[in-house]
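Novice: I need the structure of the sequence given here:
(4 chains)
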Protein chains: 2
Amino acid sequence: MAKDKDGSGTGNRINAVENAFTMIERMQELEQCGVSELAADLDIPKSTAHVYLKTLEELGYVIKENGQYRLSMRFLELGGLVRHNRSIYQAARSEVDALSRTTGEVGTIGYVEDGMRVLVYRTEPVEGVSDNAPTGEFTEMHWTAVGKVLLAQRTDEEIRDVVDRHGLPAATENTITDLDELLKEAAEIRTQGYSIEDEERVSGIKSIAVPIDSNGSDSGNSAISIAGPKHRFSTERVEEELLPELRNVANVIELQSRHY
Amino acid sequence: MAKDKDGSGTGNRINAVENAFTMIERMQELEQCGVSELAADLDIPKSTAHVYLKTLEELGYVIKENGQYRLSMRFLELGGLVRHNRSIYQAARSEVDALSRTTGEVGTIGYVEDGMRVLVYRTEPVEGVSDNAPTGEFTEMHWTAVGKVLLAQRTDEEIRDVVDRHGLPAATENTITDLDELLKEAAEIRTQGYSIEDEERVSGIKSIAVPIDSNGSDSGNSAISIAGPKHRFSTERVEEELLPELRNVANVIELQSRHY
DNA sequence: TATATCGTCCAACAATATTGAACAGACAGG
DNA sequence: CCTGTCTGTTCAATATTGTTGGACGATATA
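Specialist: Next up is the predicted model:
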């Protein structure tokens, strides 16, 4: 198997674990696969793929269904427990549900990890536009309301770091692709206390976000947002209804998380 | 450990992968830990724990926050994607949401894997009793409505197999702890087409479930249920409102999943 | 200042992952 | 019915790789 490292890391790590996870990640993309298929895809010997699959199957993280291997629900369990352990989730979930109900828009809990925005939780209203984003989705920060408001909690230098690592790809013509512009907007967000994303990731969709300042270790890493069709997010409605509502909910969440 | 189904034999598996996952599972329980702490807990050398943690950290599955290691949201991502790929989830989610809304009770999507019931999705109504079960929860089948209705889809012999592997632990005094009784109930469920769970797992909670017969590979592995406080689940309401509603939703889901 | 505990690093050794080749079973087409 | 080509699986050889105790500096505690 590939042996030469790029030398960037401190080097000596456990290879087998690395291999296992690249196989897991590839399997997720393939949804299901056979031994030979996976081996060919990853350009490794059949026998190698086989031992790994059998190991993972024995551990319960991979299952074989009608002759095909696939990732098991054990990953859902693990992910669910990881989320379950985060105080922000416990404190914010029902509040975001309520927020979505009263506004009739999509409510989300976002978190920053590794310079990316994680979709911790999402509630959709009855007739809501379902973009069907999977729970746990990682995405760049600069083109989501949650991401921008969380970036604004960091110093300019830290923002530069994030951009260095992940770049500023464009999704629509409104996406911020210039670092200076991003820093300028971050400054604005800092004084405003909230962020607006206007068709910067998905055309037709607008959203607003405020940070959650819990006292715990998650401090400065969480935010909540409301999102919906642009035509429903007039400046008036945002300023008079959505933003006050969002801030109110954020306060409740902060109080609850202090209870811990 | 008990093994050998059909001479699945050698048992020669990759140790490092096994170690990695026992560490991951332990870390989930500890929520966060240091190197020495984890090493002591698992009774392995510090240096061993260290390489594994560093490896997992480099892969992004573990992060270090204020001197403590913890599982990262990458597991939430993985779990979210695994669920996202299952057709039952795509077909049933919004329907179960609607079901919960119209009945005012907790709606769930359940799945069977490895002889256990997996909580794929759960919607809670506004004033619902939140038992706060984490998404992806695995539990024995005999004490949940979903579990029992899915058991009933199997032959008696298969049910025996499941009981052999996981036993019939008791949660309340109503839990079925006798195999013959379970088989008898399975037979009844087969003719009825639905299952009822009456304070068999949590005192004060009652629930009903019906299977989802999609045509896909998931066939016979999925079910949906409604659960709530026992006093709201009178025989009348179950028969006249909840069960018809549940069956109706199941039909819609089956139609949608056939669309695939 | 001393003492304990932490995380990190390293090098030597033994253990273990790796791999090609060989085998059996399923399946399709001739 | 045989033949060829796919599977998935097993095994034994080799060297690559994980393992480990001990040493180190940094940090926290007394």
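Novice: Quick check: nearest residue in space to the residue in chain A that chain B sits nearest to, chain neighbours excluded?
Specialist: Nearest residue of chain A to chain B (CB to the nearest CB) works out as residue A:79 at 2.7 Å. In this view, the C-beta of every residue, glycine as well, is placed from N, C-alpha and C. Distance criterion CB to CB, 6 or more residues apart in numbering or on different chains; nearest residue to residue A:79, sequence neighbours excluded, is residue B:79 at 2.7 Å.
Novice: One more: residue A:85?
Specialist: residue B:31 (5.0 Å).
Novice: Run a quick neighbour tally on the one you found.
Specialist: 14 (other CB atoms under 10 Å in any protein chain shown).
Novice: Settle this for me: it is touching residue A:83, isn't it.
Specialist: No. Here residue B:31 does not reach residue A:83: they are 11.9 Å apart, not a contact under CB atoms under 8 Å.
Novice: Any regions of the stretch 51-200 of chain A where pLDDT drops low?
Specialist: A:128-130 (pLDDT under 70).
Novice: residue ranges of the helices in it, please?
Specialist: With DSSP state H, counting those that start in this stretch as the criterion, the stretch 51-200 of chain A has helices at A:74-84, A:87-103, A:145-151, A:156-166, A:179-192.
Novice: Sort out which residues of the fourth one are buried, please.
Specialist: Buried residues in helix A:156-166, counting neighbours by 16 or more other CB atoms under 10 Å in any protein chain shown, are found at A:159, A:162-163, A:166.
Novice: picking up where we left off before, out of the helices of the stretch 51-200 of chain A, flag the one nearest residue B:73.
Specialist: Residue B:73 lies closest to helix A:74-84 among these, at 6.6 Å (CB to CB).
Novice: The residue nearest to residue A:79 against residue A:78, yeah?
Specialist: Yes. With contact defined as CB under 8 Å, residue B:79 counts as touching residue A:78 (6.1 Å).
Novice: who's in contact with residue A:53?
Specialist: Taking CB atoms under 8 Å, 6 or more residues apart in numbering or on different chains as the criterion, residue A:53 is in contact with A:23, A:35, A:38, A:62, A:69.
Novice: and if we set it to 10 Å?
Specialist: A:20, A:23, A:27, A:33-35, A:38-39, A:62, A:64, A:69 (CB atoms under 10 Å, 6 or more residues apart in numbering or on different chains).
Novice: tell me the two of these that are most distant?
Specialist: Pairwise over the contacts of residue A:53, using CB to CB, the maximum falls at A:20 and A:34, 17.8 Å.
Novice: Pick out whichever of those two has more residues nearby.
Specialist: The neighbour comparison of residue A:20 against residue A:34 (other CB under 10 Å) goes to residue A:20, with 24 against 16.
Novice: Around DNA strand D, which positions in the stretch 51-200 of chain A sit nearby?
Specialist: Neighbours of DNA strand D within the stretch 51-200 of chain A, by CB under 7 Å from any atom of the strand: A:51, A:53-54, A:64, A:67.
Novice: Throw these into CSV and include distance to residue A:109, thanks.
Specialist: As requested, these are exported to CSV (distance: CB to CB, whole Å):
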residue, distance to residue A:109
A:51, 40
A:53, 35
A:54, 38
A:64, 35
A:67, 39
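Novice: Look up phi and psi at residue A:26.
Specialist: With angles defined as degrees, to the nearest 10, residue A:26 sits at phi -70, psi -40.
Novice: what about it, neighbour count?
Specialist: 13.
Novice: ok, it - contacts?
Specialist: Contacts of residue A:26 by CB under 10 Å, 6+ apart are A:33, A:38, A:41-42.
Novice: doesn't residue A:152 make contact with residue A:188?
Specialist: Yes. With contact defined as CB atoms under 10 Å, residue A:188 reaches residue A:152; the gap is 8.3 Å.
Novice: ok, what's across the strand from residue A:118?
Specialist: Beta-bridge pairing of residue A:118 under DSSP bridges involves residue A:111, residue A:138.
Novice: what about it, how many neighbours?
Specialist: Look at residue A:118: counted by other CB under 10 Å, it has 27 neighbours.
Novice: Test my guess that it contacts residue A:112.
Specialist: Yes. With contact defined as CB under 10 Å, residue A:118 counts as touching residue A:112 (7.1 Å).
Novice: any common contacting residues for the two?
Specialist: In terms of CB under 10 Å, 6+ apart, residue A:118 and residue A:112 are both contacted by the residues A:146-147, A:221-222, B:73.
Novice: is it possible to export those to a markdown table including distance to residue A:204 and neighbour count?
Specialist: Converted to a markdown table, the shared contacts of residue A:118 and residue A:112 look like this (distance: CB to CB, whole Å; neighbours: other CB atoms under 10 Å in any protein chain shown):
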| residue | distance to residue A:204 | neighbour count |
| --- | --- | --- |
| A:146 | 18 | 30 |
| A:147 | 19 | 27 |
| A:221 | 29 | 20 |
| A:222 | 27 | 30 |
| B:73 | 28 | 26 |
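Novice: Out of these, the closest to DNA strand D would be?
Specialist: residue A:221 (20.7 Å; CB to the nearest atom of the strand).
Novice: And the closest residue to that closest one other than its chain neighbours, how far from residue B:75?
Specialist: Nearest residue to residue A:221, sequence neighbours excluded (CB to CB, 6+ apart): residue A:112, at 5.0 Å. Residue A:112 is 16 Å from residue B:75, where distance means CB to CB, to the nearest Å.
Novice: Next, the contact list for the residue of chain A positioned farthest from its centre, please.
Specialist: Here chain A reaches farthest from its C-alpha mean at residue A:47, the gap being 35.4 Å by CA atoms, centre = their mean. Residues near residue A:47 by CB under 10 Å, 6+ apart: A:35, A:39.
Novice: you'd agree it is in a helix?
Specialist: Yes. Residue state for residue A:47 (DSSP: H, G, I helix; E, B strand; the rest coil) corresponds to a helix.
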